[in-house]
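K.L.:
kindly generate the corresponding structure for this input.
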Amino acid sequence: MAPSAARWNHVWVGTETGILKGVNLQRKQASNFTAAGQPRREEAVSALCWGAGGETQILVGCADRKVRHFNTEEGTFQGQRHCPGGEGSFRGLAQADGTLITCVDSGILRVWRDDDKEASSDPLLELRVGPGVCRMRQDPARPHIVATGGKENALKVWDLQGSEEPVFRAKNVRNDWLDLRVPIWDQDIQFLPGSQKLITCTGYHQVRVYDPASPQRRPVLETTYGEYPLTAMTLTPGDNSVIVGNTHGQLAEIDFRQGIPGRMSPKSLKRSTRYLQKTQRQMNFGHPWRQLLRGNYLIRIRPKELSKPNREKRSSRSPLAPENPVPIL
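P.N.:
Reported below is the predicted structural model:
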């Protein structure tokens, strides 16, 4: 694919071989982009996010602890930043005010000067957010605010311009009906626009809403979906619900406006997707969704401006699915 055609891709997928795949849903084509010119497993992609300039730049976090900058307009990698420290792979990336924010498995969150290419340079800020991190998420409305959560690492909200203590620390839910402690495993986090509320999905198939502005630190809304770990979540365009996906390739829309107080209503999305291919990758939805979806599934959605699907019989194997996917987040 010509570099200028990269801007028309609707989905961006990172792979275990270091390839960044751009998928054009209209043409039913997938194109490969690599920083080194050939696949390298030591450059396996572990995190993706949009750059601060919008959808013209993607930050690609790799296993060699380098964050590479990919220009979607030109279809090329343009620079990189080495971000050492901590153990494990990247669990989240973000940009804010000329800085790069990284967080790894072991709970080391660092803020780097993004225009500094020296590998030996020290970070501007380092926070220890707790081990077992599964996700770090930036608040789009307040770029200096991030949230973290993971396995036995409850949801926390951090102000990178404030103190080294979290501005909000979630409290675990009450013991179950056998009076046993409920384990913690936050897999993904989203900020709800227009408020301070956050939504999490867990490895124990729960979806929870937290409100730091309320007196309580426990969830203000909670529901469950299915019986398998939830690994992916993104807000819908109306911001009134989230779409969650689990390890068995099932999707559901959780509507905050439905159900009894304190509960939410899950709704199956079987009719909303043309196909669902389990890929266990991280990916990025471009226009018109403009959402970053972290998780274990490649979901092909028909946006409104795309042409209607061909009704002819198709093969059960999609030509767009990445090969040999493995879990990275």
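K.L.:
if you average pLDDT per helix and strand, which one of this protein comes out bottom?
P.N.:
Of the helices and strands making up the chain, the lowest-confidence element is strand 275-278, at a mean of 28, by mean pLDDT, DSSP states H and E.
K.L.:
residue 101 - that's part of a strand, no?
P.N.:
Yes. Looking at residue 101 with DSSP: H, G, I helix; E, B strand; the rest coil, it is inside a strand.
K.L.:
nearest residue to it other than its sequence neighbours?
P.N.:
Across the structure, with CB to CB, 6 or more residues apart in numbering as the measure, the residue nearest residue 101 apart from its sequence neighbours is residue 94 (4.2 Å). No exception for glycine: its C-beta is placed from N, CA and C like everyone else's.
K.L.:
against residue 210, how distant is the one you found?
P.N.:
Distance, residue 94 to residue 210, using CB to CB, to the nearest Å: 20 Å.
K.L.:
one more: residue 203?
P.N.:
Separation of residue 203 from residue 210 (CB to CB): 17 Å.
K.L.:
check residue 167 too.
P.N.:
With the distance defined as CB to CB, residue 167 ends up 12 Å from residue 210.
K.L.:
between those two, which one's more packed in?
P.N.:
Of the pair residue 167 and residue 210, residue 210 is the one with more neighbours under other CB atoms under 10 Å, namely 27 against 13.
K.L.:
who's in contact with the more buried one?
P.N.:
Residue 210 is in contact with 155, 168, 170, 197-200, 217-220, counting by CB atoms under 8 Å, 6 or more residues apart in numbering.
K.L.:
where's it relative to residue 182, distance?
P.N.:
Per CB to CB, residue 210 is found 15 Å from residue 182.
K.L.:
check residue 250 too.
P.N.:
Residue 250 is 23 Å from residue 182, where distance means CB to CB.
K.L.:
neighbour-wise, which of those two wins?
P.N.:
Neighbour count, other CB under 10 Å: between residue 250 and residue 182, residue 250 has more, with 18 against 13.
K.L.:
give me the number of residues near the nearest residue to the more buried one once chain neighbours are set aside?
P.N.:
Counting by CB to CB, 6+ apart, the nearest residue to residue 250 once its immediate chain neighbours are dropped is residue 226, at 5.8 Å. Residue neighbour count, defined by other CB under 10 Å, stands at 16 for residue 226.
K.L.:
low pLDDT regions in the stretch 151-300 of the chain?
P.N.:
For the stretch 151-300 of the chain, applying pLDDT under 70 flags the ranges 258-300.
K.L.:
of the contacts of residue 210, just the buried ones, ChimeraX syntax please.
P.N.:
Only the buried members of the contacts of residue 210 enter the following ChimeraX selection, criterion being 16 or more other CB atoms under 10 Å:
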select :155,168,170,197,198,199,200,219
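K.L.:
mind listing which of the contacts of residue 210 are in strands?
P.N.:
For the contacts of residue 210, the ones inside strands are 155, 168, 198-200, with DSSP state E as the criterion.
K.L.:
tell me which of those residues is nearest to residue 47?
P.N.:
Distances from the ones in strands among the contacts of residue 210 to residue 47 were compared by CB to CB; the smallest belongs to residue 200, at 18.0 Å.
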